[in-house]
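>>> how does the following fold in three dimensions:
(one chain, ligands or ions: 4)
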Amino acid sequence: MAKNTYRVKEVFYTLQGEGAQAGRPAVFCRFSKCNLWNGREDSRTAAVCKFCDTDFIGTDGHLGGEYSASELVTIIASQWPGETSGNSVQGKPYVVCTGGEPALQLDSVLIDELHKAGFEVAIETNGTLPLPDGIDWVCLSPKGDSKLAVINCDELKLVYPQADALPERFDYIVAEHCYLQPMADFEPVVIASDKLEGAKEGLSVSNTRKAVDYCMKHPKWKLSLQTHKLLGIE
Ligand SMILES: C[S@@+](CC[C@H](N)C(=O)[O-])C[C@H]1O[C@@H](n2cnc3c(N)ncnc32)[C@H](O)[C@@H]1O
Ligand SMILES: Nc1nc2[nH]cc(C(=O)O)c2c(=O)[nH]1
Ligand code: SF4
Ligand SMILES: [Mg+2]
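Residues are numbered from 1 along each chain as shown. Ligands and ions are numbered 1, 2, ... in the order given. Have a look, this model is predicted:
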């Protein structure tokens, strides 16, 4: 039988910028492709998900390529400082599987190999596809009017505002944490980041204000800022 391979846009080491794990060092594995947008600007307005801030097409990013499970785990582990196995003083190695939509490719074979290599495994998902067993941290971020296959998660991180995905619609989701993340809307409106080398875009002031107001009126929701954009890191 042919061995499964994974198409990966990029692998990089940074701090998780968003949600409940913000500030935690993590290796990011960005898988190619998404089921809610083809990634081309000329198709953005027709897509189910219209506000994506990420280039996930192809395999041309840092350490991108098409890999077997063991090759990919070797690459991911190479980005973690120090040893990933044993009684590490480096903190529990942490990998965030993202994309694109990682649930198109992440499977139990890769999860098992990552666990064997000492990693805790997180996913950032739009929730439209069933997830394989064994993921340690699920961040669910619903998009537009898409139908959800995932209804249990560690954190629900809703980009706000989305006219067709307002927070009340997700009361049935079982989540330890509920976050609103202001939509970065590509206006040249930034908080702080314009002076920081490497910053690509900042936060939308108006969407941040709206998210703050909603959280304060509905305190089950907390604010998630994309802190990596403020810091000008990946
Ligand atoms: C690029 S997505 C990839 C993972 C998965 N496809 C998803 O949508 O959750 C990673 C995270 O960035 C968030 N995101 C994407 N575009 C954004 C934007 N313009 N403003 C704020 N967050 C955004 C997503 O909601 C998700 O939580
Ligand atoms: N630092 C950092 N944190 C992130 N959290 C989720 C991200 C993603 O694109 O999935 C992301 C990202 O791209 N960079
Ligand atoms: S679902 Fe995620 S990766 Fe796909 S277009 Fe939307 S934000 Fe981007
Ligand atoms: Mg991102």
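>>> how many other residues sit next to residue 7?
Residue 7: 17 surrounding residues under other C-beta atoms under 10 Å. Backbone N, C-alpha and C define where each C-beta goes, glycine included.
>>> show me what it bridges to in the sheet.
Per DSSP bridges, the residues bridged to residue 7 are residue 66.
>>> which bits of the protein sit near ligand 2?
Contacts of the chain with ligand 2, taken as C-beta under 6 Å from any ligand atom, map to 14-18, 28, 54, 98, 124, 228, 234.
>>> now, the most widely separated pair of the residues you listed?
Largest separation among these by C-beta to C-beta: 15 and 54, giving 16.9 Å.
>>> between the two, who's got more neighbours?
Ranked by neighbour count (other C-beta under 10 Å), residue 15 and residue 54 place residue 15 first, with 16 against 13.
>>> would you quantify the distance from that one to residue 25?
Residue 15 sits 6 Å away from residue 25, going by C-beta to C-beta, to the nearest Å.
>>> got a ChimeraX select line for the buried ones in the residues of the chain next to ligand 2?
The ChimeraX selection below is limited to those of these classed as buried (16 or more other C-beta atoms under 10 Å):
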select :15,16,17,18,28,98,124,228
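>>> make TSV out of the residues of the chain next to ligand 2 and add pLDDT, secondary structure and distance to ligand 1.
Compiled in TSV, the residues of the chain next to ligand 2 are given as follows (pLDDT from 0 to 100; DSSP: H, G, I helix; E, B strand; the rest coil; distance: C-beta to the nearest ligand atom, whole Å):
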residue	pLDDT	secondary structure	distance to ligand 1
14	98	strand	13
15	98	strand	15
16	98	coil	11
17	98	coil	9
18	98	coil	6
28	99	strand	10
54	96	coil	4
98	99	strand	5
124	99	strand	4
228	93	helix	11
234	94	coil	13
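>>> and which of the residues of the chain next to ligand 2 is nearest residue 210?
Closest approach to residue 210 among those (C-beta to C-beta): residue 18, at 17.4 Å.
>>> surely the closest one meets residue 230?
No. Using C-beta atoms under 8 Å, residue 18 makes no contact with residue 230, being 11.2 Å away.
>>> give me the below-cutoff pLDDT ranges for the chain.
1-3, 86-89, 186-202 (pLDDT under 70).
>>> what does it have sitting close to ligand 3?
Residues of the chain found near ligand 3 (C-beta under 6 Å from any ligand atom) are 34, 36-37, 49, 52, 54, 56, 99-101, 126, 143.
>>> ok, of these, which come out buried?
Among these, those buried by neighbour count (16+ other C-beta under 10 Å) are 34, 36-37, 49, 52, 56, 99-101, 126, 143.
>>> which pair of those spans the longest distance?
Using C-beta to C-beta, the two most remote members of these are 56 and 143, lying 13.9 Å apart.
>>> tell me where the chain has helices.
Using DSSP state H, the helices of the chain run over residues 69-79, 108-116, 205-217, 227-231.
>>> run through the neighbouring helices and strands of the third one.
Here helix 205-217 touches strand 152-160, strand 174-182, strand 222-223, going by 3 or more C-beta pairs under 8 Å, 6 or more residues apart in numbering; DSSP states H and E.
>>> noted, bye for now.
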